[in-house]
Structures are given as structure tokens and as C-alpha cells.
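**Student:** When you get a sec, could you give me coordinates for this:
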Amino acid sequence: MNSIQPMEQQNSTLISIITPTFNHEQFIGACIESVLAQDYSRWEQIVIDDGSTDRTAEVVRNFSDPRIRYLYQPNQGIEALAHTYNRALESAKGSLIAILEGDDAWPARKLSTQLSHFDDPDVVLAFGEEQDIDANGVAASSSSRTSRRRMKLPRSVLFNRPIRSAIPHLLRAEGLSFIPPATVVIRRSALEQIKGFQYVPGICPTDIPTFIRLALIGNFYYTNDVMGFRRRHARSATFQFLQAMSSTPREFILTQTDSPELRLSEAQRDTIKKSWQLKTSSREFTAGRLCLLERRWAEGRCHLFRAIRPGPPHIVAAAVAGWVLSWFHCDIEGLFQLAGRVPLRPID
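**Tutor:** Numbering: from 1, shown residues only. Model prediction:
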């Protein structure tokens with residue numbers, strides 16, 4: 001696979017793209033192609049491979065563009081994701097850092113759109129809306145519940161103005177998806193100020209601890225345009241490490257609510273704690289959904305039953321539907337597709 005490098009843009013900002021990948025041979029090509037399609041050419045992509053055992057390395061090396069760099073490391077696992085990000089950060093040369101995991105992708109105007117947001121020196125992070133795509137790259141026809149909820153948030157939270165305004169929401173259960181990583185660009189000097197991507201023992205995602213630290217030192221910039229495509233498939237880290245990706249952040253966050261540095265009121269702390277009480281229902285529903293995909297019907301019914309109480313109405317309705325369908329040895333991915341959402345189907 002060859003690419004034609006665009007003409008050098010004079011006096012422009014170099015954007016370093018960090019792309020962690022593991023066994024993404026089916027997706028990494030589309031990921032890189034979405035970067036090559038950018039209408040802003042002053043970038044470098046650092047693909048950091050966490051010990052893939054498939055053809056990921058071969059696919060990456062088939063791209064001859066000198067802006068793409070491939071780094072290999074022995075497998076560190078999802079628990080060491082912050083260290084993987086920071087290794088790529090040490091190798092990066094740009095003053096802005098963008099995040100694009102190996103199974104995700106970007107719209108062509110992503111970098112050119114978000115670059116201008118950093119004309120304001122107080123902005124440390126820019127993000128936008130994301131659109132779900134399935135294993136074959138087919139986009140959802142409807143926006144997600146998370147996206148609709150985000151668009152209703154006050155401007156003070158979305159832009160973290162004044163500084164710290166976003167923190168109470170970041171700490172709530174729904175705050176885990178407040179800033180979609182595939183849409184993020186971060187000012188490098190801000191990352192260096194907080195000593196890089198944040199590692200918290202026992203927590204797989206580095207994004208929430210990192211975004212909380214950034215919210216303490218600068219403003220955000222939000223755009224309601226799609227700035228990233230999140231690929232939904234059953235082998236993604238989100239689903240493969242469901243327990244660690246959802247329950248351990250709760251433990252970390254609840255220990256942070258009393259931190260004087262965050263300056264939370266008693267009412268804010270109570271709201272945060274209550275939001276996490278319903279998170280278990282969502283996790284159980286997702287676990288049940290995955291079990292049905294793998295035809296583990298009885299196990300799936302157990303998870304779905306636990307999702308019903310005390311779950312929010314949309315989770316209860318979906319869990320009941322899944323529980324019923326499981327007796328007929330059917331999964332619920334068709335229901336997601338009918339609702340315009342992305343089903344968890346294998347790649348064609």
C-alpha cells in the first residue's frame with residue numbers, strides 16, 4: 001500500500017497522533033487510511049503495537065508514508081495502557097497530541113477543524129462528538145444516548161469554563177463517556193505539566209484520570225461536529241475487559257470525591273455517588289449481551305436478570321427483551337440495528 005505525501009504546509013503546527021494497537025489487523029488499515037485522508041497534512045502517526053500476534057505489523061509496514069512510525073513492545077496488557085501512551089508520547093515531536101486507537105477512525109476534516117481551537121492559549125483539550133461504526137465500518141443511523149445527553153450539558157461543563165467546571169460531571173458514572181477519546185486533541189505542554197497520561201493502579205482506561213487532571217489546569221473546547229468514529233465490536237477492549245473498564249474506575253473516583261483539590265460540594269459528592277449506584281445495571285446488561293452473542297444462553301439470562309434491578313428504564317426494557325429472546329436462542333443485536341444503533345457483529 002503506497003501513499004502520496006501532501007505538500008508541506010509552511011509554518012504549521014505538527015500534530016502527533018498516538019495509535020495504540022493490539023491484534024487489529026482487520027482494522028488498523030482503515031484507521032491509518034483515515035489519517036492519510038486528512039485535509040491537514042502536518043502530522044505524524046505513532047503506531048505503538050502492544051505485542052500483536054496477528055498481521056498488525058505487516059499491515060502497518062505496507063504503508064510507505066514517512067509520517068507513519070511503527071513502534072513494537074512486548075505485550076504489557078490493558079492494565080499498562082497509560083505506560084504505552086506515555087512511551088509513544090516520549091517519541092512524539094508535535095506540540096499537539098491526538099488520540100486514535102487502532103480500531104477507530106476519523107473524518108477527513110478532524111485535524112484542520114480542531115487545530116484552530118488551540119489559538120486560545122487557555123485551551124488544553126479539544127473534543128467533539130463521535131459516531132459509532134460496526135466491524136465493517138457501517139455507521140449507526142441514530143445518535144447514541146450518550147451523545148444526546150452530552151448535547152444537553154451546560155456550556156460551562158463542555159468548555160470547562162471556569163476551570164474545574166467539568167470535574168463534577170467527569171466524576172459521575174456517565175462521565176466515563178463524556179469525552180470520547182477518538183475525538184480528543186491535547187496540548188502537549190499541558191500533558192507534560194501533569195506528567196503525562198495518568199496511571200492509576202488497577203484502572204485500565206487512562207482517559208478519565210488524565211482528563212480530570214487536565215480539567216484542573218485549563219479550559220476545554222467542544223464542537224458538536226463528529227470528530228471521531230468509534231468502532232463497536234465484541235473483541236474491543238471495552239468489551240473484552242468489561243469488569244476492569246467499568247468497576248475499577250468507580251472505586252478510584254469515589255476515593256477522589258473528598259479530595260480538597262477538586263473542591264466538590266457535599267451536594268456534588270452525593271450526586272456522584274448516586275450516579276454510580278446504577279452503573280452496575282449497565283455493566284450487567286452489556287455482559288448479558290455478549291453472552292448471547294457467544295450463545296451462552298443461561299449465563300446471559302443471569303446477567304440480564306441482574307440488569308433489571310435497579311436499572312434505568314431503557315436498560316430494563318432491553319434486558320427484559322434479551323431475557324425473553326435468549327429462551328429462543330436469539331441475541332438482541334437485531335433490535336439494536338432496528339433502533340439505528342450499531343450491532344456487535346463479526347466483520348464480513
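**Student:** any idea how far W297 is from the closest residue to I332 other than its chain neighbours?
**Tutor:** When the adjacent residues along the chain are set aside, I332 lies closest to G322, with 4.5 Å between them (CB to CB, 6 or more residues apart in numbering). Where you see a C-beta, it was placed from the backbone N, CA and C, and this is true even at glycine. Distance check for G322 against W297: by CB to CB, to the nearest Å, it reads 10 Å.
**Student:** quick revisit: quick one, what contacts the residue nearest to I332?
**Tutor:** With contacts taken as CB atoms under 8 Å, 6 or more residues apart in numbering, G322 has the following neighbours: F285, G288, R289, L292, G300, L304, D331, I332.
**Student:** Is it correct that it falls within a strand?
**Tutor:** No. Counting by DSSP: H, G, I helix; E, B strand; the rest coil, G322 is not part of a strand but helix.
**Student:** what about it, distance to P313?
**Tutor:** Noted for G322: a distance of 15 Å to P313, by CB to CB.
**Student:** Likewise for L338?
**Tutor:** Noted for L338: a distance of 18 Å to P313, by CB to CB.
**Student:** and what of W43?
**Tutor:** Distance of W43 to P313, given as CB to CB: 44 Å.
**Student:** same question, E129
**Tutor:** 24 Å.
**Student:** These two: who's more crowded?
**Tutor:** In this view E129 and P313 are compared by other CB atoms under 10 Å, and E129 has more residues nearby, 19 against 7.
**Student:** Return the set of buried residues in the longest strand along the chain.
**Tutor:** In the chain, ranked by residue count with DSSP state E as the criterion, the top strand is strand 219-231. Of the residues in strand 219-231, those buried by neighbour count under the rule 16 or more other CB atoms under 10 Å are N219, F220, Y221, Y222, V226, M227, G228, F229, R230, R231.
**Student:** which helices and strands does that strand pack with?
**Tutor:** helix 110-115, strand 123-133 (3 or more CB pairs under 8 Å, 6 or more residues apart in numbering; DSSP states H and E).
**Student:** what about dumping the CA coordinates of that strand to CSV?
**Tutor:** Once non-C-alpha atoms are left out, strand 219-231 reads as follows in CSV (Å, rounded to 0.1, in the frame of the first residue of the first chain):
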residue,chain,number,x,y,z
ASN,A,219,-10.2,25.0,29.5
PHE,A,220,-11.7,22.6,27.0
TYR,A,221,-13.1,23.3,23.6
TYR,A,222,-16.2,21.3,22.5
THR,A,223,-17.7,21.1,19.0
ASN,A,224,-20.9,19.2,18.2
ASP,A,225,-19.5,18.0,14.9
VAL,A,226,-18.4,14.4,14.6
MET,A,227,-14.6,14.3,15.3
GLY,A,228,-14.1,10.6,15.6
PHE,A,229,-15.6,7.2,14.7
ARG,A,230,-15.7,4.6,17.5
ARG,A,231,-15.7,1.0,16.2
